[in-house]
Every structure is written in C-alpha cells, then in structure tokens.
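S.K.: here you go, sequence then predicted model.
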Amino acid sequence: MKKLLYIVSTLQDGGGTVHLIDLLKGMVNGDYLISVIILLKAHRRKYLKQLMKLDVKVILLDIEIDFNRLDSPWYQMNRFIFKYKKVDKIVRQLKPDIIHIQSAGATSLIMPIWSKTNKIIYVTHMLEAFNYKWAIKWLLILVWRFRARYRNISFVVTSNASASYTVAATNMQPEVIYNGVDSNNFLVRKHYASDVITLVNVARLDKDKNHDLIIDVADNLRKHGITFKLLLAGDGDLKEHLQQRVEELGLAMYVDFLRFVYDVPKLLSECDIYVHPCREAFGISIVEAMISGLPVVSINEGAVNELIDDGKEGFLVEKDVQKFSNAIMDLANDLDKRKCIGASARKKGLLYSVEAMVEGYKKIYNQ
C-alpha cells in the first residue's frame with residue numbers, strides 16, 4: 001500500500017477545498033495510506049468535519065498569519081522558513097511515496113528538494129508565485145525549474161488556461177485534469193414564468209472575485225426596469241464594503257447577502273441565472289450551477305470559455321457593466337431561452353465528474 005501525503009494551505013470556502021474533499025473521497029478505497037497536512041489555522045470547521053469522517057490522518061499545524069505584516073518581504077521569508085521546518089519534520093517521519101501539493105505555497109515547493117520521496121504532484125490553480133513579492137516570486141520560479149528538471153515531479157493544472165502559467169514557470173507542459181463535481185448532490189432547476197428573476201453568485205467576498213462589477217450590474221438592471229433579486233452567497237473581507245455600496249446605491253431591496261450557505265444545491269435550484277464576474281482557473285461554482293440547469297452569464301476570462309460556449313450554455317461578455325446587463329436582460333425576458341440554455345448547461349456540466357477527476361490523478365500517481 002502506497003503512502004500518500006496531501007499538503008494544503010487551509011480549508012476555506014472555495015473550489016479548491018471542494019476539489020480536495022471530493023478527490024480524497026475517491027482515493028479512500030484501500031489502495032493508499034493517506035495523510036493530510038493543513039498548514040494554516042484559518043480553516044472552516046465544516047470542511048474539517050468532512051475530512052475527519054474519511055479514513056485519512058489529518059495533521060493540523062495551525063500556523064497563524066499576521067495580516068498587518070503580509071506586505072513585508074522579511075515577514076514572508078521568516079514565515080516561509082518556519083513553515084518549511086514544520087513540514088519537513090513531518091515528511092521525514094511519514095516517509096510518503098507520493099506527495100500531492102495542493103497549492104500550498106513556497107514551503108511545499110522547497111521542501112521536496114531534500115525529501116527522499118519517490119514522486120511529487122504539484123497542483124496549481126494559477127501561478128501562485130505572482131501573488132508574492134518580486135524576490136520570493138523569482139525564487140519560486142527558479143525552484144520550480146530546478147524541480148522540473150532534476151526531480152520526479154508532475155505539475156497538474158485544472159484547465160488549459162492555467163497551463164500557460166505553469167509552462168512559463170517550469171518550462172514543462174503540465175497535465176490537465178479538470179475538477180469534478182458530484183452531480184448526485186444537485187437538484188435540477190425547474191424554470192417557470194415569474195415576475196422576479198433570481199440571480200445568484202456563490203463565492204468568497206474578496207477582491208479577486210470582483211463583486212463590485214455585479215453590484216454595478218444590479219444598479220444598471222434596476223435602471224432598466226428589470227424586477228430581480230441578486231443573492232450573494234459567501235463571506236469575506238469585502239462584505240462590509242459591498243454592503244455599504246448596496247446601501248449607497250439604494251439596492252437593499254434587490255441584493256441579499258446570504259453569508260454561509262450550507263445547502264448550495266438547494267439554493268441553486270431556486271434561482272434563474274448564475275452570474276460570474278471574475279476570472280477562474282476552473283470554476284467549480286460555475287459547473288455546479290450548470291449541473292443545476294442554470295444558464296450562466298460570466299466575463300470571458302480565465303478558463304470560463306472551456307466550460308461555456310457563448311450562446312449555448314450561457315453568455316460570455318467583456319468586463320463591461322452594460323454588456324453584462326444586456327446578457328442578463330436577454331435571459332430574463334425570455335423564459336424559453338432560459339430553459340433551453342439551462343438544459344444545455346446541465347448536459348455539459350455533467351461531463352465534469354468526480355469519477356473522471358479521480359481516475360486522472362490515479363493515473364499520475366501510478367505512473
């Protein structure tokens with residue numbers, strides 16, 4: 001039985017955490033002895049509980065972050081060294097055959113240089129190095145290139161859009177394994193005529209998710225006389241800012257902040273259109289909406305155009321308030337079109353299965 005070690009930064013709301021838990025569920029079948037290291041203290045208890053129910057060994061390092069010092073290169077470097085020492089000690093004790101690094105940052109990339117593990121799998125959803133200060137960024141790129149050339153490492157990305165970032169950093173072509181969604185958990189939306197069109201977005205409320213665009217679109221829809229309700233499911237640092245904008249624009253009766261939603265399938269089954277204002281390396285929330293039979297309106301950046309053909313499963317638009325609004329109004333005013341596009345979205349969404357994802361990783365593990 002092979003020893004398989006997963007290293008992750010944290011268990012927060014988002015596609016990365018859903019991807020990890022679904023993958024582990026598929027791996028717990030007796031072929032592997034699985035351990036999971038969670039680096040940071042900031043994790044959601046609901047996800048930790050799901051992890052604890054699986055036949056895996058969970059190791060919590062509970063490293064805290066001083067957000068007031070994140071901009072300091074010295075703090076970044078000291079935190080990196082601190083994480084490295086902790087992880088390296090555990091790796092030497094466990095002696096895994098395979099290390100699967102789930103976007104766990106600098107520590108996990110440096111650590112394998114000294115490990116005697118047989119195989120390293122690094123999953124990058126985008127090139128995380130570009131979020132670091134320039135010195136650390138280029139250090140990581142050099143390490144990636146060293147690892148890709150001299151060590152037994154496989155780079156995995158979740159879309160073709162992400163592949164170019166990895167090629168730039170490593171000079172090697174990564175494997176593309178799309179994330180999978182368990183369609184059995186989702187209900188199919190039964191579209192019907194209604195005076196109120198329900199829009200929904202499921203995402204963390206942070207700057208990367210670009211919710212300001214959706215707020216501007218909501219304001220524009222109101223000015224065009226569209227009767228709608230916008231549901232924002234998620235929480236995050238920008239919640240207060242977004243709530244303030246909603247109040248200032250007089251949109252309180254149009255926009256609801258749902259915070260944590262434990263039953264996303266039920267929520268999606270009660271909505272009409274999924275709106276997505278940001279670029280994604282894959283977009284699990286988009287696939288979940290598609291499986292639920294919702295047409296999607298999204299900006300055309302990142303990997304979204306690999307999931308959606310414009311005009312078939314939804315609409316892809318520029319990052320423009322009026323064009324985004326026009327796509328929503330087109331669907332809002334045509335029930336038959338919502339039904340047709342929603343059916344096409346579900347058909348394509350079902351292609352992104354957990355089973356296909358698990359088989360893709362098993363193939364790499366066993367190479």
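M.R.: Yep, it's here. Numbering: from 1, shown residues only.

S.K.: make it CA atoms for all contacts and neighbour counts henceforth
M.R.: Fine.

S.K.: okay, which residue of this structure is out on the far edge from center?
M.R.: Within the chain, the residue lying farthest from the chain centre (CA atoms, centre = their mean) is residue 225, at 33.8 Å.

S.K.: OK, contacts around that one?
M.R.: Applying CA atoms under 8 Å, 6 or more residues apart in numbering to residue 225 gives no contacts.

S.K.: now do residue 236
M.R.: Residues in contact with residue 236, defined by CA under 8 Å, 6+ apart, are 204-206.

S.K.: ChimeraX command to pick out the buried ones of these?
M.R.: Those of the contacts of residue 236 that count as buried under 16 or more other CA atoms under 10 Å are selected in ChimeraX with:
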select :204,205,206
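
S.K.: adding pLDDT, secondary structure and distance to residue 367, write the contacts of residue 236 out as JSON lines.
M.R.: Below are the contacts of residue 236 laid out as JSON lines (pLDDT from 0 to 100; DSSP: H, G, I helix; E, B strand; the rest coil; distance: CA to CA, whole Å):
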{"residue": "204", "pLDDT": "87", "secondary structure": "coil", "distance to residue 367": "36"}
{"residue": "205", "pLDDT": "91", "secondary structure": "coil", "distance to residue 367": "39"}
{"residue": "206", "pLDDT": "87", "secondary structure": "coil", "distance to residue 367": "38"}
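
S.K.: could you dump the contacts of residue 236 to TSV with distance to residue 163?
M.R.: Formatted as TSV, the contacts of residue 236 follow (distance: CA to CA, whole Å):
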residue	distance to residue 163
204	24
205	26
206	24
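
S.K.: name the nearest of the contacts of residue 236 relative to residue 247.
M.R.: Of all the contacts of residue 236, residue 247 sits closest to residue 205, with 16.7 Å by CA to CA.

S.K.: quick check: closest non-adjacent residue to that closest one.
M.R.: Closest residue to residue 205 apart from its sequence neighbours, by CA to CA, 6 or more residues apart in numbering: residue 236 at 4.3 Å.

S.K.: help me confirm that the residue farthest from the centre of the chain is found in a helix?
M.R.: No. Looking at residue 225 with DSSP: H, G, I helix; E, B strand; the rest coil, it is coil, so not inside a helix.

S.K.: give me the three-state assignment for residue 62.
M.R.: When classified by three-state DSSP, residue 62 comes out as strand.

S.K.: correct me, but it touches residue 37?
M.R.: No. Judged on CA atoms under 8 Å, residue 62 makes no contact with residue 37 at a distance of 10.0 Å.

S.K.: no further questions, thank you.
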